[in-house]
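Trainee: Let's see this in three dimensions:
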Amino acid sequence: MLQIRPFAAADTDVVIGLILPIQREEFGVPVTAEDQPDLRDIETFYQSGTGDFWLAEIGGIVVGTIGLKDIGGGQAALRKMFVASSHRGKEYGVAAALLETLLAHARRSELSTIFLGTTEKFLAAHRFYEKNGFSVVPPDDLPLVFPRMAVDSRFYKLAR
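Mentor: Now for the predicted structure:
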């Protein structure tokens, strides 16, 4: 049974163990854990202000992640949305459940806009975000405080 729960400090290694292989091996993105200091400091980076970080579990195994970074002014950044390849697709509903958890939290927190960055390689992610109401925005339209990763080249916005 799929469960979505908040991140706890003891989950750090599991989160890194899920995310890095997807980035590096599956999609060939040349990024390391050191390039992503937020992964070792999720509580401070994400779980402050209106932000949070959630895990998707099936049978006690973490199969997905999603983070929301408070960037001020009623705005936030969706980051670190990853689902294990073995649990992707509508039959599992992991991505949809993670996104719905984040959006419900955003509504309760009265966030007006959610931004996200991704790479050109994550084509299924592009379709997923667009299907869920996100629109492509040029990099120049991002808030100055948006936390960009060097590998991000495609950006989205969801205005509430």
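
Trainee: which residue ranges form the strands in this protein?
Mentor: Along the chain, counting by DSSP state E, strands occupy 2-6, 52-58, 61-72, 75-83, 113-118, 135-137, 154-159.

Trainee: Just send the ones you listed back as TSV, with mean pLDDT, distance to A106 and mean neighbour count too.
Mentor: For glycine as for every other residue, the C-beta is placed from the backbone atoms N, C-alpha and C. Shown next, in TSV, are the strands of the chain (pLDDT from 0 to 100; distance: least, Cβ to Cβ, whole Å; neighbours: other Cβ atoms under 10 Å):
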stretch	mean pLDDT	distance to A106	mean neighbour count
strand 2-6	98	14	14
strand 52-58	98	10	21
strand 61-72	98	7	21
strand 75-83	97	7	24
strand 113-118	97	6	21
strand 135-137	97	16	13
strand 154-159	97	9	18
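
Trainee: For E26, grab the count of nearby residues.
Mentor: Using other Cβ atoms under 10 Å, E26 has 13 other residues around it.

Trainee: Could you check the pLDDT of it?
Mentor: We note a pLDDT of 92 for E26 in this prediction.

Trainee: my guess is it meets S86, correct?
Mentor: No - counting by Cβ atoms under 8 Å, E26 does not reach S86; the two are 11.4 Å apart.

Trainee: now I66: how far from D141?
Mentor: 23 Å (Cβ to Cβ, to the nearest Å).

Trainee: I'd like the distance between L144 and G117.
Mentor: Taking Cβ to Cβ, one finds L144 at 14 Å from G117.

Trainee: for V136, same thing?
Mentor: 11 Å.

Trainee: residue contacts, A97?
Mentor: L2, I4, A56 (Cβ atoms under 8 Å, 6 or more residues apart in numbering).

Trainee: typo on my end, F53
Mentor: Listed by Cβ under 8 Å, 6+ apart, the contact set of F53 reads P6, F7, I42, Y46, Q47, T65, I66, G67, L68, K80.

Trainee: Look up which residues are beta-bridged to it.
Mentor: Beta-bridge pairing of F53 under DSSP bridges involves G67.

Trainee: Chain neighbours aside, what residue packs nearest to S153?
Mentor: Nearest non-adjacent residue to S153, counting by Cβ to Cβ, 6 or more residues apart in numbering: E120, 5.3 Å away.

Trainee: does that neighbour really touch F155, like I thought?
Mentor: No - E120 is not in contact with F155 according to Cβ under 8 Å; the separation is 11.3 Å.
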